[in-house]
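*Asks:* Below are the sequence and a predicted model; questions follow.
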Amino acid sequence: MRPMRSALTQCKLALVGVQGHDRAMRRVLVFALFMCVGCVAPPVAFAAGDQRPNILFAIADDWGLHAGAYGTRWVKTPGLDRVAREGLLFNHAYTPMAKCAPSRAIVLTGRHLWRNEEAGNHLAYFPTKLKSWPEVLVEKGWHVGVTGKGWGPGIANDANGKPRLITGRPFNQRKAKPPTPAISNNDYAANFADFLDAAPTNQPWCFWYGATEPHRGYEFQSGVKKGGKKLSDLNRVPAYWPDHETVRHDILDYAFEVEHVDNHLVRMLAELEQRGLLDRTLVIVTSDHGMPFPRVKGYAYHDANHVPLAIRWPRGIRKPGRVIEDFVDFTDIAPTLLDVAGIAQKDSGMMPITGKSWRPIFESEKSGRIVPERDHVLIGKERTDVGRPNDWGYPVRGIVTARHLYLKNYEPSRWPAGNPETGYLDTDGSPTKSLILELGRQNRADKFWQLNFGLRPAEELYDLTTDADCALNLAAVPAQAERVAALRKRMEAALKVQGDPRMSGKGRIFDEYKATSGGGFYEQFMRGEKPKAGWVHESDFEKQPITYP
Ligand SMILES: [Ca+2]
């Protein structure tokens, strides 16, 4: 679904009143004085003077861990690669929830989905009490803007029912002819230039670049026909999909859209360089979650939650060019940005933040593991798309360590990808999905259909060192029983500390929150009505009941 594009263009609210202007001005003057008396600027930002950076936050839609900097041969990403080369590349960055709206809510609040109430779901009403860091920056006098997709899909209104500018004031006027009709006509980089033109010179700014690629749809075979790629460029296909020409095309079409995202990033970096702003800007490049393919987007496997992350900030990052092995996640973004903006969490008006600032990583000179306690992340999911009876979700919690992924599925009798008769709505329609569904119709024991659409046991365990694709569940192997119990215990202890409703038998609340659209889909469909689900294909709806082997 791409509802945010239209939602954003409809959003015509003016920027809310800029406060704290005088304070920002005073800081600029203090900094100017500091420079005038002949001091050399300190190498890191957290020393004396106003070194608050500008912030460019680039977040793609559904871009997995595929970039030149990560060794992917079939996608060209000079923008991300440059940010990594001249900054930091994170090998273990995760979203705790691999679906657009709940993932972005975690980015904005610094709190896991199980602490974000309705915003833990997809198609959600964003609670008024959850303030976002862009809203805080606006209050503190920053110039804050967004192009493309901010938070969504869902509804974020204030207490008076007025739409909130949760990621800043929209800059979407500039359009360009896209490389394929499936790609947005938003000229993101030109809109960034408009934003910079509108930025006052005496205050820092923050820009959210929310590309709507590589979200589906794709122009089929555009990777080969327009991107100059070859099917043989793919060195492998993940073990959970068939290595079929259709799947290879689908992956390369995704790659072509990734390159579109990166092209605009390259232009934005050049724009900053040309204006002499690049080195005083903190650039973060990431994605809300993995690929919009079966068993990835909307799931809780490694490829779903593992995201690209590169950060460039010459004034705040020591010894650029480092590769970081610490486990970091999206709850860390809010505290990091408040930290670099010089805003204490207690002065932010935000609900208590779970994550921790990346400042120790920025200021370290080490590569590899830096902060010892960053040795795992917690992940999970509640309701994503509609389509199950009673608008139920598929609740999961999990823990990722350097060696393992452990998952607990709380309702294993439910269909993980959504009900078959209602088109497996938790998985976007795609050539890969259609192919695997067809394999399932020919044989319900087909391993690909089972892996992508079949029922799951209550617990899953994967050894990431031998099975990064998470295709071989070890949870039922007797030799693993102790490990399963230890990971479950560790995960549940951490979730209890956070007050996760699932840990106190109140997890049903996530199923009871109303969806902003599509609620009651299953019941309407079963009554013979034709509720809309534009993100799947007509052929995704199973006509025959599933006879499970
Ligand atoms: Ca997304």
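*Replies:* That came through fine.
*Asks:* Check which residues of the lengthiest helix in the chain are buried.
*Replies:* Taking DSSP state H as the assignment, the helix of the chain that covers the most residues is helix 245-274. Across helix 245-274, burial judged by 16 or more other C-beta atoms under 10 Å covers 246-269, 271-272. Just so you know, the C-beta spots here come from the backbone N, C-alpha and C atoms, and that holds for glycine as well.
*Asks:* other SSEs contacting that helix?
*Replies:* Counting contacts by 3 or more C-beta pairs under 8 Å, 6 or more residues apart in numbering; DSSP states H and E, the secondary-structure elements packed against helix 245-274 are strand 54-60, helix 78-85, helix 188-197, strand 205-210, helix 222-225, strand 281-287, helix 431-442.
*Asks:* Can you lay out the ones you listed as a markdown table showing mean pLDDT?
*Replies:* Supplementary listing: these in a markdown table, determined by pLDDT from 0 to 100:
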| stretch | mean pLDDT |
| --- | --- |
| strand 54-60 | 98 |
| helix 78-85 | 98 |
| helix 188-197 | 98 |
| strand 205-210 | 98 |
| helix 222-225 | 98 |
| strand 281-287 | 98 |
| helix 431-442 | 98 |
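*Asks:* Verify the stated contact: Pro179 with Tyr218.
*Replies:* No: using C-beta atoms under 8 Å, Pro179 makes no contact with Tyr218, being 10.9 Å away.
*Asks:* Quick check: neighbours shared by these two?
*Replies:* Each of Phe256 lies in contact with both Pro179 and Tyr218 under the rule C-beta atoms under 8 Å, 6 or more residues apart in numbering.
*Asks:* In terms of neighbours, single out the busier of those two.
*Replies:* When Pro179 and Tyr218 are compared for neighbours, Tyr218 comes out ahead with 24 against 17, by other C-beta atoms under 10 Å.
*Asks:* mind listing what the more buried one touches?
*Replies:* With C-beta under 8 Å, 6+ apart as the criterion, the residues that contact Tyr218 are 180, 182, 250, 253-254, 256-257, 430.
*Asks:* ok, 10 Å please
*Replies:* Contacts of Tyr218 were listed using C-beta atoms under 10 Å, 6 or more residues apart in numbering, and they are 180, 182-183, 249-250, 252-257, 292, 430-431.
*Asks:* host element of the residue in the stretch 401-549 of the chain that the ion sits nearest to?
*Replies:* Of the stretch 401-549 of the chain, the residue with the smallest distance to the ion, taken as C-beta to the ion, is Asp428 at 9.6 Å. For Asp428, there is no host helix or strand (DSSP states H and E).
*Asks:* give the contact list for it.
*Replies:* With contacts defined as C-beta under 10 Å, 6+ apart, the neighbours of Asp428 are 1, 62, 215-217, 291-294, 296-298, 385, 535-537, 540.
*Asks:* How much space separates it from Ala101?
*Replies:* The spacing between Asp428 and Ala101, counted by C-beta to C-beta, to the nearest Å, is 14 Å.
*Asks:* Quick check: Pro163 touching Ile155?
*Replies:* Yes: Pro163 lies in contact with Ile155 (C-beta atoms under 10 Å); the separation is 7.9 Å.
*Asks:* Run through the chain and note the low-pLDDT ranges.
*Replies:* In the predicted model, the chain carries pLDDT under 70 at residues 1-50, 549.
*Asks:* ok, which residues in it are in contact with the ion?
*Replies:* With the criterion set to C-beta under 5 Å from the ion, the chain comes near the ion through 61-62, 100, 288.
*Asks:* Distance to Val328 and neighbour count added to these, as CSV?
*Replies:* Supplementary listing: the residues of the chain next to the ion in CSV, determined by distance: C-beta to C-beta, whole Å; neighbours: other C-beta atoms under 10 Å:
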residue, distance to Val328, neighbour count
Asp61, 20, 26
Asp62, 20, 27
Cys100, 20, 28
Asp288, 15, 27
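*Asks:* In TSV: those residues, plus distance to Val340.
*Replies:* Listed next are the residues of the chain next to the ion as TSV, based on distance: C-beta to C-beta, whole Å:
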residue	distance to Val340
Asp61	25
Asp62	27
Cys100	26
Asp288	21
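*Asks:* Out of the residues you listed, which two are the most distant from each other?
*Replies:* The largest separation in the residues of the chain next to the ion, counting by C-beta to C-beta, is between Asp62 and Cys100 at 7.9 Å.
*Asks:* what residues are shared contacts of those two?
*Replies:* 215, 288-289, 292, 297.
*Asks:* buried subset of those?
*Replies:* Applying a neighbour-count criterion of 16+ other C-beta under 10 Å, the buried members of the shared contacts of Asp62 and Cys100 are 215, 288-289, 292, 297.
*Asks:* Which of those residues sits closest to the ion?
*Replies:* Looking at those and their distance to the ion, the nearest is Asp288, at 4.3 Å (C-beta to the ion).
*Asks:* so what's that closest one up against?
*Replies:* For Asp288, the contact set (C-beta under 10 Å, 6+ apart) comprises 59-63, 95, 97-104, 106-107, 149, 151, 210, 215, 297, 307, 330.
*Asks:* taking the residues you listed one by one, which sit in strands?
*Replies:* Cross-referencing the contacts of Asp288 against strands under DSSP state E gives 59-60, 210, 307.
*Asks:* can you redo those as JSON lines with neighbour count?
*Replies:* Converted to JSON lines, these look like this (neighbours: other C-beta atoms under 10 Å):
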{"residue": "Ile59", "neighbour count": "25"}
{"residue": "Ala60", "neighbour count": "30"}
{"residue": "Gly210", "neighbour count": "26"}
{"residue": "Val307", "neighbour count": "24"}
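*Asks:* Spit out the contact partners of the residue in the chain positioned nearest to the ion.
*Replies:* Ranked by C-beta to the ion, the top residue of the chain for proximity to the ion is Cys100, at 3.6 Å. When the contact criterion is C-beta under 10 Å, 6+ apart, the partners of Cys100 are 1-4, 61-62, 122-123, 149, 151-154, 215, 288-289, 292, 297-298, 384.
*Asks:* now do Arg388
*Replies:* So Arg388 contacts 394, 411, 414-415, 418-419, 422, 425-426, 511, 521-522 (C-beta under 10 Å, 6+ apart).
*Asks:* same check, this time on Asn452
*Replies:* Contacts for Asn452 were tallied using C-beta under 10 Å, 6+ apart; they are 240-241, 293-296, 299, 416-417, 424, 427, 432-433, 436-437, 439-440, 446.
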